[in-house]
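1. got a structure for you, letters missing:
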């Protein structure tokens, strides 16, 4: 009924978008072709579980293991460790079910901040490597027990 009364003013969605200079191709696709809003189209699927998505959990596990293995392989310079810790922080932040004050997030962020303030060529001393490795392993174990 509304469409019939507005047909002369707004002949089509495309002309309306063109008239008002709307540059939103994804919204147009969702409205006209898919017919679903993005919140429905991209919602969690039943198989993703309550851990915030299987993909985000898998990425986080991958980054934890990469960080620990890197230290064990003696990659201890700031420019080698910071990108790995940054990836780990990013993947943990994608998991919505983790509490905001989740201790492993705080530990990784603290180490990242500490290392980021150092020059790129700075290498961790043996005791710093040992402590970082301990913090990563304990954080990994806490993460695993939390997502179960």
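-> Arrived safely. Everything numeric in this text was worked out from a predicted model, so none of it was measured. Residues are numbered from 1 along each chain as shown.
2. so which strand or helix has the closest residue to residue 103 other than its chain neighbours?
-> The spatially closest residue to residue 103, leaving aside those adjacent along the chain, is residue 142, at 6.4 Å (CB to CB, 6 or more residues apart in numbering). (Glycine included, C-beta is placed from N, CA and C.) Element membership for residue 142 (DSSP states H and E) is helix 126-147.
3. and residue 11, by the same measure?
-> Going by DSSP H and E, residue 11 is not part of any helix or strand.
4. and if you look at residue 55?
-> Using DSSP H and E, residue 55 falls in helix 54-72.
5. which residues touch that helix?
-> 47-49, 51, 80-81, 84-85, 87-88, 91-92, 94-95, 129, 132-133, 136-137, 139-140, 143-144, 147 (CB atoms under 8 Å, 6 or more residues apart in numbering).
6. low-confidence ranges, the chain, go.
-> 1-4, 33-52 (pLDDT under 70).
7. name the nearest residue to the residue nearest in space to the middle of it, ignoring sequence neighbours.
-> For the chain, the residue sitting closest to the mean C-alpha position, by CA atoms, centre = their mean, is residue 94 at 3.5 Å. Excluding the flanking residues, the one nearest residue 94 by CB to CB, 6+ apart is residue 56, at 4.1 Å.
8. count the residues that sit near the one you found.
-> 21 (other CB atoms under 10 Å).
9. for the remainder of this discussion, apply numbering that starts at 152.
-> Sure thing, new numbering starts at 152, so read that last one as residue 207.
10. residue 161 versus that one, what's the distance?
-> According to CB to CB, to the nearest Å, residue 207 and residue 161 sit 41 Å apart.
11. show residues contacting stretch 163-178.
-> 161, 179, 182, 183, 189.
12. cutoff 6 Å now
-> Residues from elsewhere that reach stretch 163-178 (CB atoms under 6 Å, 6 or more residues apart in numbering): residue 161.
13. likewise stretch 238-246?
-> 203, 207, 210, 211, 214, 218, 256, 259.
14. kindly recompute the last result at 8 Å.
-> Here stretch 238-246 has contacts from 202-204, 207-208, 210-211, 213-215, 217-218, 249, 253, 255-256, 259-260, 263, 294, 298, using CB under 8 Å, 6+ apart.
15. please apply the same query to stretch 265-283.
-> By CB under 8 Å, 6+ apart, stretch 265-283 touches 222, 227, 228, 229, 230, 232, 233, 236, 262.
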